[in-house]
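A.B. asks: I would like the atomic coordinates for the input below:
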Amino acid sequence: MTSNLPVPEISIRKMETKDIDRVSEIDQNSFSLPWPKSSFSFEIERNEASRAWVAETIETGNPPSIVGMLVTWMIVDELHIATLATDLAFRQQNIALKLMVNALCSAVSEGAQVSFLEVRRSNLAAQSLYQKLGYRQDGVRPHYYQDNHEDAILMSLRNIDPHVLEMLI
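C.D. replies: Numbers count the residues shown, from 1 in each chain. This is a model prediction of the structure:
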């Protein structure tokens, strides 16, 4: 489902504790195996490897509204994509792309050389996004997802180039 509203201006910032209810709502509406709120709390408050982001609208006269979220883990020189979701009403407006570019560029500034992720075999929209960013399929984790035993496609992005990424948005 996408909105017929004009594409909003988006700001990306670090996720904060005050964002957990909204982030959890987006997660619940996006996935058959959503994270519990406590996982988002852990990522923000206690996981030193975590890099958590939100995308929010910028509209004159209106308070910002969170419309997307991304949690990543920076482990040595690798950025692992843990979860990414956009509010149903704001899909297909490049919000996930902007979140990913922001996270990847930030990770490069911290020394990231490569990024990894798993994506459901049936999630063609996400696979298309990742391919646009330069991710390539590396393999398959058979029966990875607990809800329906769907396979996960393993993908990686090597030689992360912020200049190339920034041209995508």
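A.B. asks: switch to C-alpha atoms for all contacts and neighbour counts from now on
C.D. replies: Noted.
A.B. asks: show me what contacts the spatially closest residue to Ala96 that is not a sequence neighbour?
C.D. replies: Nearest non-adjacent residue to Ala96, counting by Cα to Cα, 6 or more residues apart in numbering: Thr86, 6.4 Å away. Residues in contact with Thr86 (Cα atoms under 8 Å, 6 or more residues apart in numbering) are Ile26, Ser30, Val67, Gly68, Met69, Ile95, Ala96.
A.B. asks: taking these, tell me the two that lie furthest apart.
C.D. replies: Based on Cα to Cα, the longest span within the contacts of Thr86 runs between Ser30 and Ile95 and measures 14.3 Å.
A.B. asks: which one of these two is surrounded by more residues?
C.D. replies: More neighbours surround Ile95 than the other of Ser30 and Ile95, with 28 against 15 (other Cα atoms under 10 Å).
A.B. asks: can you pull out the helices in this protein?
C.D. replies: 20-30, 37-45, 95-109, 124-133, 162-166 (DSSP state H).
A.B. asks: least reliable of the ones you listed going by mean pLDDT?
C.D. replies: Of all these, helix 162-166 carries the lowest average pLDDT, namely a mean of 93.
A.B. asks: if I look at Lys18, what pLDDT would I see?
C.D. replies: Note on Lys18: pLDDT of 97.
A.B. asks: quick one on the thing from earlier: so which of the helices of the chain is nearest Thr57?
C.D. replies: helix 95-109 (9.9 Å).
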